[in-house]
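Asks: Fold the following and give me the result.
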Amino acid sequence: MASMVFAISASANFPLLILAVYWPGLTSAGAIAGGSVGLALSIALMFFGPTIWVDILGNASPLFPYKYPALFSMPAAFLVTWLVSSLGRATPRS
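Replies: Residues are numbered from 1 along each chain as shown. I've put the predicted structure just below:
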């Protein structure tokens, strides 16, 4: 259970913390979108992974083959945060 919590928090919080500290282009919309994608994707991949899909629900094989989804959901959160922040940035006035 503890690994599930760490995978979810790593996917939802870590990209936002790192980008908030080191990237001045982070916007509120980008942070909300990236955190939401990281949270939703990590929960979905954990549900369809072997821990819940096979061990708890008793299905034959998992739909997502990896036990720890942060390997995929954390880069997705970084990408969405960067993309939304870059596309939603207001152009400076001249």
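Asks: what does the longest helix seen in the chain contact?
Replies: What stands out as the longest helix in the chain, according to DSSP state H, is helix 28-48. By CB atoms under 8 Å, 6 or more residues apart in numbering, the residues outside helix 28-48 that reach it are 4, 7-8, 10-13, 15-16, 19-20, 52-53, 62-64, 66, 69-70, 72-74, 76-78, 80-86, 88. In short, each C-beta sits where N, CA and C put it, glycine included.
Asks: Likewise for stretch 51-66?
Replies: 4, 45-50, 67, 72.
Asks: buried subset of those?
Replies: Taking 16 or more other CB atoms under 10 Å as the criterion, what is buried in the contacts of stretch 51-66 is 4, 45-50.
Asks: What is the burial count for residue 8?
Replies: 19 (other CB atoms under 10 Å).
Asks: wait, I meant residue 84
Replies: Counted with other CB under 10 Å, residue 84 comes out at 20.
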